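Enquirer: return atomic coordinates for the entry below.
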Amino acid sequence: MEDEEHDAFFMHRALAKASLPAPAHVAVNGQDALDYLSGTGQYSDRTAFPFPNCVFLDLKLPFVHGFQVLEWIRGQAAFPDLPVFVLSSSDEDSDRKRAERLGAKGYLVKPPTVQALLEALNLVQV
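Expert: I've put the predicted structure just below:
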């Protein structure tokens, strides 16, 4: 879930360098992320919009903040163990700790390196 086009570009590039598939969907704001994950509205067709194996979540999303999205994800009985990796330009320890408390699998500072992506994805076997 990424609202900045250039950050999404760098994420796609890092995934390609790591020989990993690009994300199936990039949500442009927090509400779009919630709609996609819940399979509502335009995302109701799970064939066209499959449920993700993992989520890379920007914290500074418009409309619904990344921490709110993470809290919502962890509150859903249908997918409490969905691996979520927070992406942020913030290297603040308080943000890292909050992400961990809310159940993030990892915390990556943007733009993520190829090695950081590989290490994150090795945790979930995607």
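Enquirer: and the helices in this structure?
Expert: 5-17, 30-38, 66-74, 93-101, 114-124 (DSSP state H).
Enquirer: now the residue nearest the centre of the chain, which residues is it bridged with?
Expert: Central residue of the chain (Cα atoms, centre = their mean): Phe56, 2.0 Å from the mean position. Phe56 has the following beta-bridge partners by DSSP bridges: Phe85.
Enquirer: just checking, it touches Phe85?
Expert: Yes - using Cβ atoms under 8 Å, Phe56 is in contact with Phe85, at 5.1 Å. The C-beta positions use only the backbone N, C-alpha and C, and glycine is treated the same way.
Enquirer: ok so, going back, let me have the helices of the chain in CSV, extended by mean pLDDT, distance to Thr47 and mean neighbour count.
Expert: As requested, the helices of the chain are exported to CSV (pLDDT from 0 to 100; distance: least, Cβ to Cβ, whole Å; neighbours: other Cβ atoms under 10 Å):
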stretch, mean pLDDT, distance to Thr47, mean neighbour count
helix 5-17, 62, 23, 15
helix 30-38, 94, 14, 21
helix 66-74, 95, 22, 20
helix 93-101, 94, 32, 14
helix 114-124, 73, 23, 15
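Enquirer: would you turn those into JSON lines with distance to Arg46?
Expert: Listed next are those as JSON lines, based on distance: least, Cβ to Cβ, whole Å:
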{"stretch": "helix 5-17", "distance to Arg46": "22"}
{"stretch": "helix 30-38", "distance to Arg46": "10"}
{"stretch": "helix 66-74", "distance to Arg46": "17"}
{"stretch": "helix 93-101", "distance to Arg46": "27"}
{"stretch": "helix 114-124", "distance to Arg46": "20"}
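Enquirer: any common contacting residues for Phe56 and Phe85?
Expert: Leu108 (Cβ atoms under 8 Å, 6 or more residues apart in numbering).
Enquirer: one step back: what's the spacing between the residue nearest to the centre of the chain and Thr47?
Expert: To Thr47, Phe56 is 23 Å away according to Cβ to Cβ, to the nearest Å.
Enquirer: done for today, thanks.
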